[in-house]
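Colleague: would you be able to build a 3D model of this:
(2 chains)
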Amino acid sequence: MISQEIVQKVLASAVSRGGEFAEIFVEDKKSSSAAFDDGKVEELTSGVSIGAGIRVVVGETTGFAHTADLSEAGLLSAAEAARSVAMVSGSGTKAIAMSPPNEHMLSKDILIPNQVGKKKKIELLEYMNQTARATSGSIKQVSAGYGDSYRRILVANTDGVFATDEQVRTRIAVSVVAFGDTGMQTGYETAAFTMGFEMFEDVNIEELASLAAERAVRKLSARPAPSGTLPVVLQGGSGGILFHEACGHGLEADHIVKDSSVYKGKVGELVASPLITLVDDGTVSKQWGTALIDDEGRPSQRNVLIENGVLTDYMWDGLRAKKLNRASSGNGRRQSYQHLPMVRMTNTYLVEGKERPETIIENTKHGVYVARLGGGQVNTATGDFVFGMTEAYLIENGEITEPLRDANLIGNGPEVLKNIDAVANDFSITPGTCGKDGQSVPVGCGQATVRITGVTIGGTANG
Amino acid sequence: MDDLEIVAEKIVSQARPGEEIEAFVSWDEETSIRVYNGAIENLSKSQSSGVGIRIVNNHRQGFAWAGTLDPSSIDFALEEARDNASFATEDEYLGLGVPDNVAPKTLDLWRDDLSSHSTEEKVSLALELEATLKNSDKRIKSVESANYGDVSSIAAVVTNTGMKASYRQTFSFIAAHAIAVENEETQTGGGYSVGRTISELDLGKAASDASMRATRLLGASKPTSARMTVLFDPQVTTTLLGIISGTLSGEAVVKGRSLFAGRLNEQVASQIVSLVDDPTNPSAFGASVYDAEGYASRANYLIIEGVLQEFLYDTYSAKRAGLTTTASAVRGGFSSTPGVGARALYLTPGTKNQSELIASIDNGVLVQSISGVHSGVNPISGDFSVGAEGLLIRSGTLGQPVKEFTIASSLQRMLQEVVAVGNDVDWIPSVAAGVSLVVEGISVSGV
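Modeller: Residues are numbered from 1 along each chain as shown, chains lettered A, B, ... in the order given. Below is the predicted model:
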């Protein structure tokens, strides 16, 4: 993308007035998407974005600038803008030694999506539309979306890192509206992987469309969710986002360093039920949060955060790790070259247990079974969270019975981790988008079926 | 502004016979500063620009964008937009707008002086905010973040169907988030101030809001589940109006996704509810001289005394509904096509301030923030269930702080059960203004 010689010049300029560390992040990203809605191919979009972000660290301060001009002059001027925070006098030139370029090559099995005909992408959406509509006469509206991105990055810094990567991601989603006597209800399904177009050899789009349609139809006859505190069983693969939001964020080193996490100072302590082992792993094959390197050029790795209930470590990016003289855990990520990296999760999951999911349900007398959790929100300083149930049922005498209308779950992350009394063996990961400080990155969230002894459910019916 | 129009015109001039082309070109300059513990944590200053190209040919639409104004990237976007159009389904209502006769209003949304303030001055504002907040109350243990930010942005939209508009605005803001601790319990709260330039910022208010919002929750417990009257803080009302505006979008109506479709002229809300979207009000942060398709902004009266009057439309949805645009096209930036959206909604204010509203409530709860809105509100069914925190109201006075509870109802019911609107209209940076709002009959779930 840019020669090592120019990279060295730019980094040297970035630290020419002082500063312990400088980094250049170059990104060339092409993306495309297609939207099918209301019976029509509504829109195809293509986008291109190329640029570089340069940061300079001086003491506690980071200076940052980005540019879409990748010429030597453009990069040098961004380096000057970034270093302008280093208000110290010149300290002469600094030679920067670098590892030899490790040109990463994409596997030949990957079908780069922008080399696949647009017609093929549209056909997927048309097929999902037909499948969903054929499910039931009460389906009133279907929209389906396809998206792909091909991102090439180069990261180099004054510590000698020089790394490149090519990342291909593809996703598909379908959203269905059903109409009945009780009004309108919605169903949604998505599949997304760090793969190219070959992902559709593995992903059953017919099943996605029927699942979404069936969910919308089923909810037409749903009764209001109960209100109050009840046991909750989360179906495997349906609610990993709860652990991402309510526990994962509190284990990010930036929150720890700033004293804004409930997990500060708790390494070595029992913070969860002994049934809980929580892992963040950027190396899981092809998952949505997977990458060969993070956006600071550090290889992705598997990090055990909580082991058998005991807090083992936090997640780290380069900046926070350096201050504590330890290694980054490969969790420095950013949305684009226009953003500073920070501590982010990759694929975060609860390691599965031994019970059969059926047994857990059978052993629950009265509670709520959540087959799909929607998005959520957490306050990392307190651990308080809110999540939507987008598919849920009553559990009565050990059996799943009536469907429930959408409602929120509310609770406290650390408390939920302590109140898990069963973990099943049906683990799976689902894709999601994680937002933090205005930046979005793709992540995976996973869990097996688990039971939480009590969570507040915000329905309108008396519990 | 002229430079951007020139770039846009050059793109549009490359139209082939039968093609309608729209070029949306934008430029912005941003400063962002975060301080922590008396030092700059990060400082970023950058400019960026980009172009979004929409082509309609034979009633088929294609779109492409480039995050740079580099000529080869623009060429790529133009070719891709053209190619993309060829794959879309023919839709007789597709087509770019043509000028109407509504004259643009002169709005003062740009402050030349913003760029004359030095970075050092902006840094010291953030530092002062942090220090003021830290010293505001001994229970404020730390300030998680104190930020200064500003953005100056210019956009031009030009089509070969006669539309041509450019508009610009500046924003400046400070924001901080405090962590309050007492008896080993932690609570957080945020405060901010926004203006079009630095002199319009109120640092004292940003600090005291954050401090008050964090400390007044200390000692919070879960409330007992019950149906009660809820007083929404102005910021929460902004969020609610934002959700409701989505149901009043003509795009949702023509696609059968609005719970208000087919209900024009019906009483959809209590009689004290009048809802207007007026992007020509310069106090609104969503104000702009033109909408995203280049039509002069105008006021739209959506609900008057509880009766649904009209929906918001852009060119496409209006054509499909057999109407004309209400100049309500919005876009997320150069990388997206225009859609329908409100920009400056407000509820006609009542006569009481928040203290007077509290005094009028016998048994209720003041909700200072809600969470889980994306997952908890279904704008299609109207189902509403969100997490909340705030303070109980007993016999007209604020009492016990409460947290970790949910409030549930439906959008339809809440609109019908509005019993009072405050007089404290606050234009916060969103598509809607905040105002204190009292709604009855909401299910509160705690213990």
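Colleague: and the pLDDT for residue B:230?
Modeller: On pLDDT, residue B:230 comes in at 98.
Colleague: what is the neighbour count of the closest residue to residue B:327 other than its chain neighbours?
Modeller: Leaving aside its sequence neighbours, residue B:327 sits nearest to residue B:295 (CB to CB, 6 or more residues apart in numbering or on different chains; 3.8 Å). Just so you know, the C-beta spots here come from the backbone N, C-alpha and C atoms, and that holds for glycine as well. The tally of other residues near residue B:295 (other CB atoms under 10 Å in any protein chain shown) stands at 24.
Colleague: please verify my assumption that residue B:295 contacts residue B:329.
Modeller: Yes - with contact defined as CB atoms under 8 Å, residue B:295 reaches residue B:329; the gap is 7.2 Å.
Colleague: ok, the closest residue to chain B within the stretch 251-400 of chain A - contacts?
Modeller: Nearest residue of the stretch 251-400 of chain A to chain B, counting by CB to the nearest CB: residue A:388, 2.5 Å away. By CB atoms under 8 Å, 6 or more residues apart in numbering or on different chains, residue A:388 lies in contact with A:373-376, A:406-409, B:372, B:374-376, B:385.
Colleague: what about stretch B:417-436, how long is it end to end?
Modeller: Counting by CA to CA, to the nearest Å, you get 14 Å between the two ends of stretch B:417-436.
Colleague: chain center to it, what's the gap?
Modeller: Centroid displacement of stretch B:417-436 relative to its chain, using CA atoms, centre = their mean, to the nearest Å, is 13 Å.
Colleague: for stretch A:151-166, same thing?
Modeller: On CA atoms, centre = their mean, the centre of stretch A:151-166 falls 22 Å from that of its chain.
Colleague: ditto for stretch B:222-235
Modeller: 24 Å.
Colleague: output it as PDB - backbone C-alpha positions only.
Modeller: The C-alpha coordinates for stretch B:222-235 follow below in PDB (Å, rounded to 0.1, in the frame of the first residue of the first chain):
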ATOM      1  CA  LYS B 222     -35.500  -0.900  42.900                       C
ATOM      2  CA  PRO B 223     -39.000   0.600  43.100                       C
ATOM      3  CA  THR B 224     -42.000  -1.600  43.900                       C
ATOM      4  CA  SER B 225     -43.800  -2.700  40.700                       C
ATOM      5  CA  ALA B 226     -46.900  -0.700  40.000                       C
ATOM      6  CA  ARG B 227     -48.800   1.300  37.400                       C
ATOM      7  CA  MET B 228     -48.000   5.000  37.900                       C
ATOM      8  CA  THR B 229     -47.600   8.500  36.600                       C
ATOM      9  CA  VAL B 230     -44.200   9.200  35.000                       C
ATOM     10  CA  LEU B 231     -42.500  12.600  34.600                       C
ATOM     11  CA  PHE B 232     -40.000  12.400  31.800                       C
ATOM     12  CA  ASP B 233     -37.000  14.700  32.000                       C
ATOM     13  CA  PRO B 234     -36.500  16.900  28.900                       C
ATOM     14  CA  GLN B 235     -33.700  14.700  27.600                       C
END
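Colleague: okay, now the unreliable bits of chain B?
Modeller: Within chain B, the ranges that satisfy pLDDT under 70 run B:1.
Colleague: in CSV, list the contacts of residue A:388 along with neighbour count and distance to residue A:240.
Modeller: Formatted as CSV, the contacts of residue A:388 follow (neighbours: other CB atoms under 10 Å in any protein chain shown; distance: CB to CB, whole Å):
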residue, neighbour count, distance to residue A:240
A:373, 24, 8
A:374, 21, 13
A:375, 18, 13
A:376, 25, 11
A:406, 27, 19
A:407, 30, 20
A:408, 33, 18
A:409, 33, 14
B:372, 25, 17
B:374, 14, 17
B:375, 25, 15
B:376, 30, 19
B:385, 32, 21
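Colleague: could I get the average pLDDT for the helix or strand that residue A:81 is a member of?
Modeller: If you go by DSSP states H and E, residue A:81 is part of helix A:72-83. Averaging pLDDT along helix A:72-83 gives 92.
Colleague: which strands and helices sit next to it?
Modeller: Packing partners of helix A:72-83 (3 or more CB pairs under 8 Å, 6 or more residues apart in numbering or on different chains; DSSP states H and E): helix A:4-14, strand A:21-37, strand A:40-58, strand A:61-67.
Colleague: if you set the cut-off to 7 Å instead, what comes out?
Modeller: Contacts defined by 3 or more CB pairs under 7 Å, 6 or more residues apart in numbering or on different chains; DSSP states H and E place helix A:72-83 against helix A:4-14, strand A:40-58, strand A:61-67.
Colleague: Throw those into JSON lines and include mean pLDDT, mean neighbour count and distance to chain B, thanks.
Modeller: Compiled in JSON lines, these are given as follows (pLDDT from 0 to 100; neighbours: other CB atoms under 10 Å in any protein chain shown; distance: least, CB to the nearest CB, whole Å):
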{"stretch": "helix A:4-14", "mean pLDDT": "93", "mean neighbour count": "20", "distance to chain B": "14"}
{"stretch": "strand A:40-58", "mean pLDDT": "94", "mean neighbour count": "24", "distance to chain B": "3"}
{"stretch": "strand A:61-67", "mean pLDDT": "93", "mean neighbour count": "24", "distance to chain B": "4"}
